[in-house]
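> my questions concern the predicted model and sequence given below.
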Amino acid sequence: MSNTHFIIQVKNLTKQFGTFTAVDHITFEVERGEIFGFLGANGAGKTTAMRMLCGLSYPTSGSGTVAGFDVVKEGEKIKRHIGYMSQRFSLYDDLTVMENMELFGGIYGVKSRKLKERATALLQKLDFFEERDTMVSALPLGWKQKLAFAVATLHRPEIVFLDEPTGGVDPITRRQFWEMIYQAANEGTTIFVTTHYMDEAEYCNRISMMVDGKIKALDTPTNLKKSFNAASMDEVFRILARDAQRGD
Amino acid sequence: MIGFLKFVKKETLHILRDSRTMLIALLMPVVQILLFGFAISTEVNNVNVAVVVPKWDEQIRQSINKLSSNPYITYKGAIAEHEIDRNLRSGRVDAIVVFAHDFDRLMTQWKQNGNGNAAMQFIMDASNTNTAQAGAGYLNNILAGELMQSNSLVETHMLFNPQMKSAFNFVPGIMGMIFILICAMLTSVAIVREKETGTMDVLLVSPVRPLTIILAKMTPYFILSCINLTTILLLARFVLGIPMSGNLSSIIVVSLVYLLLSLSLGLLISTIAKQQIVALLISAAVMIMPIVMLSGMMFPVENMPAVLKPVSAIVPARWYIDAMRKLLIQGASFGLILKDFLILVGMTLALLAIALKNFKDKLE
Amino acid sequence: MDTSTLAIEVNGISKSYGTVKALDKVSLDVRRGEIFGLIGPDGAGKTTLYKILVTLLNADEGSARVDGLDIVKDYRNIRSRVGYMPGKFSLYPDLTIEENMEFFATLFGVTVEQNYDLVAPIYKQIEPFKKRRAGRLSGGMKQKLALSCALIHKPSVLFLDEPTTGVDAVSRSEFWDMLHNLREQELSILVSTPYMDEASRCDRIALCNTGHILDIDSPKHMVEKFDGKLYGIKARDMYGLLKNLREDNSITNCYTAGEFHHLLAGAGFDADKLKQNLVAQGHSDVEIKPIVPDIEDVFIKLLSNE
């Protein structure tokens, strides 16, 4: 077991739907405390791969561990030890800020005394304690996203999966959001993030690029730009995805 | 006009490609008619009858013969007086006829004078009131009918539905419900679906008039309903054997008005609902329930409490079902359903007016 | 007919939903034949402005003209002259590509053949799949079909509400190429996007946020008039770096921006001195360089000034 250094370690992970191979033998590692960008064109298989890593779907073949648990046999354990946040669903609009925190903390089995303490601390850190009884529906989108991230880390997971967390958010909030990510990473949490903003790729320590179910490139943004002789990540992405056969 | 036909073609494609919904829409009337016609039946068949005979004689033998040969009665034989309770409780019999000790003498007296003391007693299991009442009725007819007739005091004829077949009663009710379901529910859902997918925005931002959009949406559902009307009438005539003694063109005219009414209702719902699920709920809660409970389909309007009677008057299906009953079963002439017809026409116009007024070519 | 050189004129349009002010006295002009970008995050009021301009919604106050016609009085005429592609996928998923095209042509009383030349460059890319149902197309193909459908009646003004949201970078880039080809056909285009990096593909842009317009200009000029010196800075510990930079009084603003943090120099800023300080604070691999601002930097500066 080498999971002391790597929080994600997968080998030849594959998912087939009938004759269609959504994820085609991907092999990679994610180091502890790293911000890992998981990029790809529409339909490249990102979502399917992420679902397998989160224990939501069984791989057709291949093996691997996430947070020390087997992706094939221990899906339920993985779910309890990771944080997950997506742009589509994050918080309940008809519950208050605090009620959402209590709900999600409870789901992940955080004891209620500890939960109160942590929630209060998190909200204070976000400068948001005054709004604890505000209905989530009344918050601006940017705040919702920051709050959703706080909720996803309430149970102190070792790794957080973020599925396009910053879609449609204004640039200032987006930067504040990334600051939160940096902070979490600084405290040792591993961040696994997908995004459509290519400039956001540059925030990551390392990036993988998926094209047609395969990982076509994996390196630091600086090295990727260098090896593809590109000025920006956007260009790198276009070079790699240009020959993609699939759409979503 | 060409534009309109293209519109109708598009709506038809939507329906044809959603084969599951279309199948349900076409099969539902058939299934309901067959279900109500055969499986579910409120008529009472096979009343199990036993007799208690203190002293056998020829008169009693004749009466028992009449009983056992009647198709609605299953004769279970003679029992002793102390067995009455046990037989009824165990459910072996539904009714027991207890003949008087001097049955022969009493009957003769009745035949001569037309009055006298009771010659027999019917003991009914009334835990199901429907069976008990019907059973008592049969027994009365079979055993005492001869007496009554001979004196011509009361003469009962079951007109229009001499066998009291319940299917006769249900067919108009099913028609009232099916057309609301298909026209109102499916139409409203189809319109609201376009709001949900955002295509309604694009339709509104085109030069096409809202009325065109609506009429084109309604046309295929109207045609679908006409197919259903034909199916129902054919099934009613040839499978259930309903006489349809009324004028066929009257039946069709009234039904077409009711179809338009249902379509207008669907349109009205679509102007209120923003999601398909809301449209479905409104259709089910606001239309199906009142139709079943208040239209006279299940429970006669005459029996309703005074508060509910005016409510039932605003349920369109009540008038349609009433008219269909008169036309299909009684063979009434158009003049006799004129009131129902006019009320339906009035309701259609009112609903259509409200619906069109509510259907705006802007979003608010 | 108004022969004005403006495709769209918006004068002080406001719109509220309950207590939420979606648009607050918005004014802008779109010239004929230009690609005008409405750039801002969700909640900026972009979609509301679109719905008002394509005559689906009435504004609470203010007036606007589209193709020279008043949006209230002449709304019926406007409807036959604009092409509208709403943010949501707005085609019939159960109809084929061909059927969708034909239907939208009929809607405007034209045939596909009539205006085939206009849509051909886009439509040809998806025509080989014309028997496929729209619901089974990829994101990029759906987008092409939606654009073809919005163009089929040869509108004079094209309204595209977030056409590239949720689409990957390659398809997005292709989409902008298509818009540039259309501009050659003398079409005026109002396009909105939450992706700031797409601003450079527009002739002029309006930066907007929570119902206000922050500034209107060409993207190039908007960047040129950025007053203040912007630096990029990085070190091994990016998060600690940010904290230390915030403590420095000679820095007006600093924020994350990817590989480098961006910092806006204030009075008394000295890059070399800063580097020395940071190294003294224990940072390693410190790199600092002047950089050219991009639209996001402009946006952030405008927002912080408010």
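That came through, no problem. Numbers count the residues shown, from 1 in each chain, chains lettered A, B, ... in the order given.
> give me the element C:Thr106 is part of.
If you go by DSSP states H and E, C:Thr106 is part of helix C:97-107.
> is that helix anywhere near chain B?
Yes - using CB under 8 Å from any CB of the partner chain, helix C:97-107 reaches chain B at C:99, C:102-104, C:106-107. Where you see a C-beta, it was placed from the backbone N, CA and C, and this is true even at glycine.
> of those residues, which is the nearest to chain A?
Nearest to chain A, judged by CB to the nearest CB, of the residues of helix C:97-107 next to chain B is C:Glu99 at 20.3 Å.
> for A:Thr134, see how far away the residue in chain A positioned nearest to chain B is.
As assessed by CB to the nearest CB, chain B sits closest to A:Asp93 within chain A, at 15.9 Å. Remark: distance between A:Asp93 and A:Thr134 (CB to CB, to the nearest Å) = 11 Å.
> what do you get for B:Asn128?
Distance of B:Asn128 to A:Thr134, given as CB to CB: 60 Å.
> coming back round to it: helices and strands around the helix holding C:Thr106, which ones?
helix B:2-17, helix B:199-204, helix C:139-151 (3 or more CB pairs under 8 Å, 6 or more residues apart in numbering or on different chains; DSSP states H and E).
> CSV for the ones you listed, including mean neighbour count?
Converted to CSV, the helices and strands packed on helix C:97-107 look like this (neighbours: other CB atoms under 10 Å in any protein chain shown):
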stretch, mean neighbour count
helix B:2-17, 16
helix B:199-204, 21
helix C:139-151, 23
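> neighbours around the closest residue to the residue of chain A closest to chain B other than its chain neighbours, how many?
Excluding its sequence neighbours, the residue lying closest to A:Asp93 (CB to CB, 6 or more residues apart in numbering or on different chains) is A:Ser137, at 4.0 Å. The local packing of A:Ser137 (other CB atoms under 10 Å in any protein chain shown) involves 12 other residues.
> about what we covered before: now distance to chain A too, for the helices and strands packed on helix C:97-107, in JSON lines please.
Supplementary listing: these in JSON lines, determined by distance: least, CB to the nearest CB, whole Å:
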{"stretch": "helix B:2-17", "distance to chain A": "22"}
{"stretch": "helix B:199-204", "distance to chain A": "19"}
{"stretch": "helix C:139-151", "distance to chain A": "5"}
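> so where's the chain shaky on pLDDT?
Picking chain A for this. Low-confidence segments of chain A (pLDDT under 70): A:1-3, A:88-89, A:245-248.
> switch to chain C, that's the one I care about
Low-confidence segments of chain C, defined by pLDDT under 70: C:1-4.
> what does it have sitting close to chain B?
For chain C, the residues in contact with chain B under the definition CB under 8 Å from any CB are C:51, C:54-58, C:76, C:79-80, C:82, C:84, C:86-95, C:99, C:102-104, C:106-109, C:149-150.
> if we use 6 Å, what do you get?
Proximity of chain C to chain B is assessed by CB under 6 Å from any CB of the partner chain, with C:54, C:56-57, C:79-80, C:84, C:86, C:88, C:90, C:94, C:103, C:106-108 identified as the residues in range.
> out of the helices and strands in chain B, which is least certain?
Lowest on mean pLDDT, DSSP states H and E among the helices and strands of chain B sits helix B:145-151, with a mean of 55.
> what's the neighbour count on B:Pro54?
Look at B:Pro54: counted by other CB under 10 Å, it has 13 neighbours.
> before we move on, what about A:Arg242?
The criterion is other CB under 10 Å. On that basis, A:Arg242 has 11 neighbouring residues.
> for the stretch 201-350 of chain B, which spans come out with low pLDDT?
Low-confidence regions of the stretch 201-350 of chain B, defined by pLDDT under 70, are absent; no residue qualifies.
> show me where the stretch 201-306 of chain C has helices.
Listed in chain order, the helices of the stretch 201-306 of chain C (DSSP state H, counting those that start in this stretch) span C:219-224, C:238-247, C:271-280, C:295-305.
> dump those helices into a markdown table; add mean neighbour count as well.
What follows is these, written out as a markdown table (neighbours: other CB under 10 Å):
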| stretch | mean neighbour count |
| --- | --- |
| helix C:219-224 | 16 |
| helix C:238-247 | 17 |
| helix C:271-280 | 14 |
| helix C:295-305 | 19 |
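> what residues does the stretch 1-150 of chain B have near chain C?
For the stretch 1-150 of chain B, the contact set with chain C under CB under 6 Å from any CB comprises B:3, B:6, B:10, B:14, B:17.
> which of the residues you listed scores worst on pLDDT?
The pLDDT minimum for the residues of the stretch 1-150 of chain B next to chain C sits at B:Gly3, where the score is 74.
> mind checking how far the nearest residue to it once chain neighbours are set aside is from B:Leu211?
Taking CB to CB, 6+ apart, and ignoring the residues beside it in sequence, B:Gly3 has C:Thr106 as its nearest neighbour in space, at 5.3 Å. Relative to B:Leu211, C:Thr106 is positioned 16 Å away (criterion: CB to CB).
> next: A:Trp178.
Taken as CB to CB, the spacing of A:Trp178 relative to B:Leu211 amounts to 53 Å.
> same thing with C:Thr48?
Distance of C:Thr48 to B:Leu211, computed by CB to CB: 27 Å.
> who's more crowded, these two?
Here C:Thr48 and B:Leu211 are compared on neighbour count by other CB under 10 Å; more neighbours surround C:Thr48, at 20 against 11.
> which ones are touching that one?
For C:Thr48, the contacting residues are C:15, C:22-23, by CB atoms under 6 Å, 6 or more residues apart in numbering or on different chains.
> for the residue nearest to A:Val97 when sequence neighbours are not counted, give me its contacts.
Counting by CB to CB, 6+ apart, A:Arg132 is the residue found nearest to A:Val97 once chain neighbours are left out, at 5.0 Å. The neighbourhood of A:Arg132, defined by CB under 6 Å, 6+ apart, consists of A:97-98, A:123.
> now name the helix or strand holding residue 51.
Defaulting to chain A. Here A:Arg51 sits within helix A:46-53, counting by DSSP H and E.
> meant chain C, my bad for not saying
Using DSSP H and E, C:Lys51 falls within helix C:46-53.
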